[in-house]
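*Asks:* Return atomic coordinates for the entry below.
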Amino acid sequence: MPSGAVAGRREVRAAGPDPQRRRAAMEAARLRYGGLSAAGKRRLLDELEAITGYHRKSLLRLLNRQAVAPAESEGPLDQAALKPHPRRRYGPEAAAALVPLWEASDRLCGKRLAALLPLLVESLEQHGHLNLEPAVREQVLAMSSATIDRLLAPIRKTSAANNWRRPPRAYSSVRRRVPVRTFKGWSNHREPGWLEIDLVAHCGGRMQGPFLWTLMATDIATGWSESLPILVRDGAVVLTALQLIRRQLPFPLRGIDADNDPVFMNSLMEAWCDRPGHQIVLTRSRAYQSNDQAWVEQKNGILVRRVVGYQRLEGLEAAQVLGELYGALRLFTNLFQPSFKLKSSERDGGRIKRQHHPPRTPLQRLLASGVLSEETAEPWRELRRRSDPVALLATIRRCQGQLAVLASAEEGSALQASRTERDLAAENRSLEVFLGGLQDLWQNNQPRRRKPKPRIGKRNRPDPFEPDVERIEQWLQAEPQLRAKTLLERLIDHNPERYSPRHLRTLQRRLRGYRLQWIENEMAALAVAGPPSLQEGESVQKPVLPGVN
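*Replies:* As a prediction, this is how the structure comes out:
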């Protein structure tokens, strides 16, 4: 082809013909194209390529297609308008009938649904939930798994629950300010005083309702471990327990490493660590990286799960028994339980060679570190001499038996309360109503989330619970694990004209302030004590529970 023709064709393509001229040229060329020879077809394609600007392969596809009727093609001629529609075997009626069957099968995949369709159609027709035309019924039963997946693809794609993921939690300002420490971040901290802390739930596999928690803290350098029971999972209560642990430690607290739980990552914890005179370094682990807290996770298994177990523990009585157990376990573990500590780790091909220091107890490592002065270390040596490991172990076994009895008594009542109101409401729902909405169920099953409205200015409403503050404090002192819902029920029984269920959210916000004020009063009443010691005739010092008189 001459270079001038190529240049002219490029000029036409760059200018771009109008759609009407392009359509007229294609209609005229289609009438001539079938009767031309091979050479004539080549010349015609060259002309069309110069006029329309289409690629040669696109022109061949367009010329070999059937003409589109004028009534069906309004507007400019393009590839979408010339695209042929293959003969459909399954019409919209069959596709619409497939949707309720898919919902009734609990949204099975195409292969499983194709095997179930004969049985499912017969069962729904027998019980009066489905009535299909004979032709549509035959088409539905003849569908292959690939056809089912193809027809349900737009439904799955636009389904409200399809690929729904919980929106990520908003990072708090405290969490953004606290630096991250990985599992390799302890290499430069050889002295005692750097703790990893964690919470362990005694829920028995059921997170509903109130239950006990354990605050676990372990020192990286010595392996010294402290644990306390927590009645309420609240940031103020956890901070109070952490203050008690700080008083019991034989060495100064230098740093705390916690996970991303809001009970640790809050303004109370941050302000306490930055308080003048404390200067405690607060760090956090990475999200979903449990190996970043390998030391405390190991203690969770050895000192909590292996000793206490996985049963559900509730109430003040169980908290007192658990506190007594931890008091004995604290002395037994730190004074009489030697453990290995890793010295070096080297990889040789596929094998890892590890060397450990000789086994020592946490107290032996602490005394050998030189952190304690002679005057400070002597009370701990005296405590080790006076402590009876057999009596401590007997106390642990006795408390384990008491916890087993309390847990077994709670299981009987928990079985009856395991069915929530939501489950009962789902069971009472009519099957006919459910199946009647199968056609549109895929459109409206996404959980609705309301966006919180921004609060403008200060809240000037009076506190509705101000007349009964003393009554609420008395109830909380008697039963610290009470929830806001239970407190509101008691207030309604006491004064039904003043209180109603609409006050629940307000009471939940007020309850945090009540607990925090109560705990601060208790902390002020506690005297600053030195290292624990055994009194004459006692085997274990009775622990102080946070939030309990």
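*Asks:* Let me see the ranges of the strands in the chain.
*Replies:* 194-202, 212-219, 225-230, 255-258, 281-284, 342-348, 351-356 (DSSP state E).
*Asks:* Strand 194-202 and the second one, what's the angle between them?
*Replies:* Think strand 212-219. 160 degrees (axes from the mean of the first three to the mean of the last three Cα atoms, to 10 degrees).
*Asks:* Okay, now the sheet partners of strand 212-219, with direction.
*Replies:* strand 194-202 (antiparallel), strand 225-230 (antiparallel) (DSSP bridges).
*Asks:* Between the strands of the chain, which one is closest to residue 391.
*Replies:* Of all the strands of the chain, strand 225-230 sits nearest to residue 391, with 19.4 Å by Cβ to Cβ. (Glycine included, C-beta is placed from N, CA and C.)
*Asks:* Can I get the closest one in PDB, CA atoms only?
*Replies:* Extracted as PDB, the C-alpha positions of strand 225-230 are listed here (Å, rounded to 0.1, in the frame of the first residue of the first chain):
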ATOM      1  CA  SER A 225       4.700 -13.500  87.400                       C
ATOM      2  CA  GLU A 226       1.800 -11.700  89.100                       C
ATOM      3  CA  SER A 227      -2.000 -12.400  88.600                       C
ATOM      4  CA  LEU A 228      -5.100 -10.900  90.000                       C
ATOM      5  CA  PRO A 229      -8.800 -11.600  89.400                       C
ATOM      6  CA  ILE A 230     -10.900  -8.900  87.800                       C
END
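*Asks:* neighbouring contacts of that strand?
*Replies:* Strand 225-230 has contacts (Cβ atoms under 8 Å, 6 or more residues apart in numbering) with 199, 212-219, 237-238, 241, 244-245, 248-249, 299, 303-304, 319, 322-323, 326, 329-330, 333-334, 362, 543, 545-547.
*Asks:* model confidence over it, on average?
*Replies:* Averaged across strand 225-230, the pLDDT comes to 94.
*Asks:* So what's the gap between it and the chain middle?
*Replies:* 25 Å (Cα atoms, centre = their mean, to the nearest Å).
*Asks:* what do you get for stretch 489-507?
*Replies:* Worked out by Cα atoms, centre = their mean, stretch 489-507 lies 32 Å from the chain centre.
*Asks:* what does stretch 121-130 give?
*Replies:* Here stretch 121-130 is found 40 Å from its chain centre; the criterion is Cα atoms, centre = their mean.
*Asks:* now do the same end-to-end measure for it.
*Replies:* 8 Å (Cα to Cα, to the nearest Å).
*Asks:* Now do it: everything it contacts.
*Replies:* 100-101, 104, 131-132, 137, 140-141, 432, 435.
*Asks:* Based on its surroundings, how many neighbours for residue 401?
*Replies:* If you count neighbours by other Cβ atoms under 10 Å, residue 401 ends up with 11.
*Asks:* quick one, domains of this protein?
*Replies:* The chain breaks down into these domains under automatic domain parsing: 3-82, 92-158.
*Asks:* thinking again about what came up before, would you turn the strands of the chain into a markdown table with mean neighbour count?
*Replies:* Shown next, in a markdown table, are the strands of the chain (neighbours: other Cβ atoms under 10 Å):
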| stretch | mean neighbour count |
| --- | --- |
| strand 194-202 | 22 |
| strand 212-219 | 24 |
| strand 225-230 | 25 |
| strand 255-258 | 23 |
| strand 281-284 | 19 |
| strand 342-348 | 9 |
| strand 351-356 | 9 |
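*Asks:* Go through those and find the least confident stretch.
*Replies:* strand 342-348 (a mean of 84).
*Asks:* That strand: partners in the sheet, and parallel or antiparallel?
*Replies:* strand 351-356 (antiparallel).
*Asks:* For the strand it pairs with, C-alpha coordinates in PDB please.
*Replies:* Provided in PDB are the C-alpha atoms of strand 351-356 (Å, rounded to 0.1, in the frame of the first residue of the first chain):
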ATOM      1  CA  ARG A 351      17.500 -27.500  62.400                       C
ATOM      2  CA  ILE A 352      17.600 -24.900  65.100                       C
ATOM      3  CA  LYS A 353      20.100 -25.300  67.900                       C
ATOM      4  CA  ARG A 354      19.100 -23.700  71.200                       C
ATOM      5  CA  GLN A 355      21.100 -23.300  74.400                       C
ATOM      6  CA  HIS A 356      19.500 -22.500  77.800                       C
END
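*Asks:* re the thing from before, how about the domains of the chain in TSV, adding mean neighbour count?
*Replies:* Output for the domains of the chain, formatted as TSV (neighbours: other Cβ under 10 Å):
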stretch	mean neighbour count
domain 3-82	13
domain 92-158	15
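*Asks:* hey, least reliable of those domains by pLDDT?
*Replies:* Taking the mean pLDDT of those, domain 3-82 comes last: a mean of 68.
*Asks:* Just give me how far stretch 203-211 sits from the chain centre.
*Replies:* 16 Å.
*Asks:* How about stretch 335-350?
*Replies:* With Cα atoms, centre = their mean, you get 33 Å for stretch 335-350.
*Asks:* Out of the domains of the chain, which is closest to residue 223?
*Replies:* Between residue 223 and those, the shortest gap by Cβ to Cβ is with domain 92-158, which sits at 50.4 Å.
*Asks:* how long is the closest one end to end?
*Replies:* 17 Å.
*Asks:* Quick one: the helices in the stretch 51-200 of the chain, in order.
*Replies:* When assigned using DSSP state H, counting those that start in this stretch, the helices of the stretch 51-200 of the chain occupy the ranges 56-63, 79-82, 92-104, 110-126, 134-141, 145-158, 173-177.
*Asks:* Quick one: these as JSON lines, columns for distance to residue 310 too.
*Replies:* Output for the helices of the stretch 51-200 of the chain, formatted as JSON lines (distance: least, Cβ to Cβ, whole Å):
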{"stretch": "helix 56-63", "distance to residue 310": "67"}
{"stretch": "helix 79-82", "distance to residue 310": "62"}
{"stretch": "helix 92-104", "distance to residue 310": "38"}
{"stretch": "helix 110-126", "distance to residue 310": "35"}
{"stretch": "helix 134-141", "distance to residue 310": "49"}
{"stretch": "helix 145-158", "distance to residue 310": "39"}
{"stretch": "helix 173-177", "distance to residue 310": "30"}
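*Asks:* And those: which comes nearest residue 293?
*Replies:* Per Cβ to Cβ, nearest to residue 293 of the helices of the stretch 51-200 of the chain: helix 173-177, 15.8 Å.
*Asks:* Distance of residue 56 relative to residue 45?
*Replies:* 6 Å (Cβ to Cβ, to the nearest Å).
*Asks:* again with residue 265
*Replies:* 70 Å.
*Asks:* now residue 61
*Replies:* 12 Å.
*Asks:* Quick check: neighbours shared by those two?
*Replies:* In contact with both residue 61 and residue 45: no residue, using Cβ under 8 Å, 6+ apart.
*Asks:* circling back: could I get the strands paired with strand 212-219 as JSON lines with distance to residue 116?
*Replies:* Converted to JSON lines, these look like this (distance: least, Cβ to Cβ, whole Å):
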{"stretch": "strand 194-202", "distance to residue 116": "40"}
{"stretch": "strand 225-230", "distance to residue 116": "49"}
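*Asks:* So which of the ones you listed is nearest residue 261?
*Replies:* strand 194-202 (6.5 Å).
*Asks:* what sits up against that closest one?
*Replies:* 186, 207, 211-221, 230, 233, 238, 242, 253-259, 261, 263-264, 293, 295-297, 300, 304-305, 308, 311-313, 322.
*Asks:* List the buried residues in the helix ranked longest in the chain.
*Replies:* Ranked by residue count and defined by DSSP state H, the top helix of the chain is helix 389-416. Across helix 389-416, burial judged by 16 or more other Cβ atoms under 10 Å covers 391-392, 395-396, 399, 402-403, 406-407, 410, 414.
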